[in-house]
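Asker: Need coordinates for the following:
(one chain, ligands or ions: 1)
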Amino acid sequence: MRKYRQKYYDFFSHFYDVIINLHSRDRSLYLRHYLARKSGVKPENKVLDLCTGTGSVATVLSQYAQRGLVVGVDFSLGMLTKAKAKAQKIGARNLCFVAADAGALPFKSDMFDVVTCSHAMYELTGKTRKLALQEIKRCLKKNGRFCMMEHEEPKQPLIRLLYYLRLLSMGKEGREIVRHELSELRRIFSQVVKETTASGRTKLICGEKGRKD
Ligand SMILES: C[S@@+](CC[C@H](N)C(=O)[O-])C[C@H]1O[C@@H](n2cnc3c(N)ncnc32)[C@H](O)[C@@H]1O
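Answerer: Alright, predicted model coming up:
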């Protein structure tokens, strides 16, 4: 199953940026900066962008962590090829990409100041999401911050239908977490806060790894 999902994303990587740009280029760029600002990333920080895709969020984060390091992780080599090309184009020297599964991260514990995950947490199927949340916590430093961005439940009927189809593709465990995501995140992180953008279309949920965790 995992292999087929990887192949699906490899294929999708050829159109991903085109579709996002057609959908709303300015809004996407605004949202990436919004996520970077809210994550509180500082110039010297080490940042992990989980399920980085074509690296759009990671490249924005690299502008904030100028003296630090941004690592983008994804299990699709197709997506990572696009991400590396993007990083090379802007000459980002503090940005690298690693192929790995979100549920088994190849990093030492307590390594990152900030972990972000944009429009991907809902795409982690089966047990992967629970594993990924545990891995995020393990890899964060004490008091490190985790921020995930996702679509809010759409109001427009057709888009709402697509949103529910996406949830259906996530399987039972996935849908359970969406329904109870705040309580689930509060079991793992402290200071969990949810906010919605002015348009009401995007939500951001941030939490911290406690000092004693
Ligand atoms: C909708 S894209 C989001 C990409 C990017 N974060 C963005 O905001 O543009 C979802 C990404 O999650 C990645 N992904 C899905 N399941 C994964 C897993 N188990 N491990 C690592 N990456 C995964 C896919 O390859 C894809 O690049």
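Asker: which one is H33 nearest to, not counting chain neighbours?
Answerer: Spatially, and ignoring its direct neighbours in sequence, H33 is nearest to V60 (6.0 Å; C-beta to C-beta, 6 or more residues apart in numbering). Quick note: C-beta positions are derived from backbone N, CA and C, even for glycine.
Asker: name the helices or strands packed onto the lengthiest helix in the chain?
Answerer: If you go by DSSP state H, the chain has its longest helix at helix 16-39. Judged by 3 or more C-beta pairs under 8 Å, 6 or more residues apart in numbering; DSSP states H and E, helix 16-39 is in contact with helix 56-64, helix 77-90, strand 112-118, strand 140-151, strand 202-208.
Asker: Now do the residue nearest to H33: how many residues are near it, please.
Answerer: When neighbours are counted by other C-beta atoms under 10 Å, V60 registers 22.
Asker: Kindly report the same for R27.
Answerer: R27: 15 surrounding residues under other C-beta under 10 Å.
Asker: cool, the one 10 residues further on as well?
Answerer: A count of neighbours around R37, defined by other C-beta under 10 Å, yields 12.
Asker: that older thread, buried residues in the longest helix of the chain?
Answerer: 16-17, 20, 28, 31-32, 34-36, 38-39 (16 or more other C-beta atoms under 10 Å).
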